[in-house]
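# Return a 3D structure for these sequence lines:
(one chain, ligands or ions: 1)
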Amino acid sequence: MTAQLVVAAALVDDLTRPTRLLAARRSAPPALAGQWEFPGGKVEPEEDPVTALRRELREELGVGIQLGQQIAGPREGRWPLSVPGLTLVLWWAVPLGEPRPLEDHDALRWLARGQLSAVPWLASNAPMVEAVRASLEP
Ligand SMILES: Nc1nc2c([nH]c(=O)n2[C@H]2C[C@H](O)[C@@H](COP(=O)(O)OP(=O)(O)OP(=O)(O)O)O2)c(=O)[nH]1
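So this is what the prediction gives:
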């Protein structure tokens, strides 16, 4: 079985000297509601991953993005998720405009490096959050 791809963005204030990360609180499904994640979603069949990322962020947050580098995960650059068959590709990005929780989220928070553990992230996100922490400036 080919792993289905989830694309997501570590949205920050600046690609060169990032100091804050945008965390988004899921509103659904019930098993995931209340937990925090990087905004994004599943790539649709035949869709290019970057196109999917831009589409998801437009739908969920109402913003376009300045796209940065990928944040490489441990499995051929991807991040394993707890759901079997799903892997995630994560990019740095800066939102063009102020993100709003339009769809799939009921809260957004900009977190400084020292605040990254202040929200309950989805369990699979711990290593991704650590990778972001290593690059955020104090
Ligand atoms: N977007 C996102 N999904 C994550 C993260 N961490 C994590 O485990 N996931 C999981 C949660 C879901 O099982 C899956 C993403 O599915 P989704 O429900 O966001 O996808 P979608 O918006 O395209 O919605 P759908 O097609 O399933 O209705 O990946 C993360 O940081 N961001």
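
# who's in contact with stretch 59-66?
9, 11, 15, 24, 39-41, 53-54, 57-58, 93-105, 108 (Cβ atoms under 8 Å, 6 or more residues apart in numbering). Every residue, glycine included, has its C-beta placed from N, CA and C.

# buried sites along the helix or strand hosting G41?
In this assignment (DSSP states H and E), G41 forms part of strand 40-42. Neighbour counts over strand 40-42 (16 or more other Cβ atoms under 10 Å) mark G40, G41 as buried.

# Quick check: neighbours of it in the sheet, parallel or antiparallel?
Under the criterion DSSP bridges, strand 40-42 sits next to strand 4-11 (antiparallel) in its sheet.

# is any part of the partner strand close to the ligand?
Yes. Against the ligand, strand 4-11 shows contacts by Cβ under 6 Å from any ligand atom at V6, A8.

# Next, the contact list for R26, please.
By Cβ under 8 Å, 6+ apart, the contact set of R26 is L32, A33, G34, Q35, W36, E37, D104, H105, D106, L122.
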